[in-house]
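Peer 1: sequence and predicted structure are below.
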Amino acid sequence: MNQYDIWGGFDRLLGKNAILVMIGRNDFPEALKQSFDSYKKRKFISYKNKKILREYSIFECYNFKSMPSRGVESY
């Protein structure tokens, strides 16, 4: 269960674009590849005093198609 189960489901998001931000150097999640027509990966590195604080993988996701429903895992 996630917030979209409460807010009315994914159907109202069909065709919308999304941004996925993950900490670290990551590939696009395999489970989401069928959910969008395409995606573009960007990276962002935050620095402080010329030292790397954190790296992010940022994905621009285009044209949401659907997402398989996952059952309730816990409450």
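Peer 2: Looks like it arrived, so ask away. Numbers count the residues shown, from 1 in each chain.
Peer 1: report pLDDT for the most centrally placed residue in the chain.
Peer 2: Nearest to the mean C-alpha position of the chain, by C-alpha atoms, centre = their mean, lies residue 20 at 3.1 Å. With respect to pLDDT, residue 20 scores 96.
Peer 1: what pairs with the helix or strand hosting it, parallel or antiparallel?
Peer 2: Taking DSSP states H and E as the definition, residue 20 sits inside strand 18-23. As defined by DSSP bridges, the strand partners of strand 18-23 come to strand 51-64 (antiparallel).
Peer 1: what's the mean pLDDT across the strand it pairs with?
Peer 2: 97.
Peer 1: so what's residue 44 up against?
Peer 2: By C-beta atoms under 8 Å, 6 or more residues apart in numbering, residue 44 lies in contact with 55-56, 58. Where you see a C-beta, it was placed from the backbone N, CA and C, and this is true even at glycine.
Peer 1: any idea how far it is from residue 21?
Peer 2: 8 Å (C-beta to C-beta, to the nearest Å).
Peer 1: list residues touching both of the two?
Peer 2: Both residue 44 and residue 21 are in contact with 56, 58, where contact means C-beta under 8 Å, 6+ apart.
Peer 1: the residue nearest to the centre of the chain - nearest residue in space that isn't next to it in sequence?
Peer 2: Distances taken as C-beta to C-beta, 6 or more residues apart in numbering put residue 59 closest to residue 20, at 4.3 Å, once the chain neighbours are dropped.
Peer 1: just checking, the one you found touches residue 43?
Peer 2: No - using C-beta atoms under 8 Å, residue 59 is not in contact with residue 43, being 10.2 Å away.
Peer 1: give me the phi and psi for residue 67.
Peer 2: Backbone torsions for residue 67, taken as degrees, to the nearest 10, come to phi -150, psi 130.
Peer 1: my error: substitute residue 12 in the last question.
Peer 2: The phi and psi values for residue 12, taken as degrees, to the nearest 10, are phi -80, psi 0.
Peer 1: which one's more surrounded, residue 59 and residue 43?
Peer 2: A count of neighbours by other C-beta atoms under 10 Å puts residue 59 above the other of residue 59 and residue 43, at 20 against 11.
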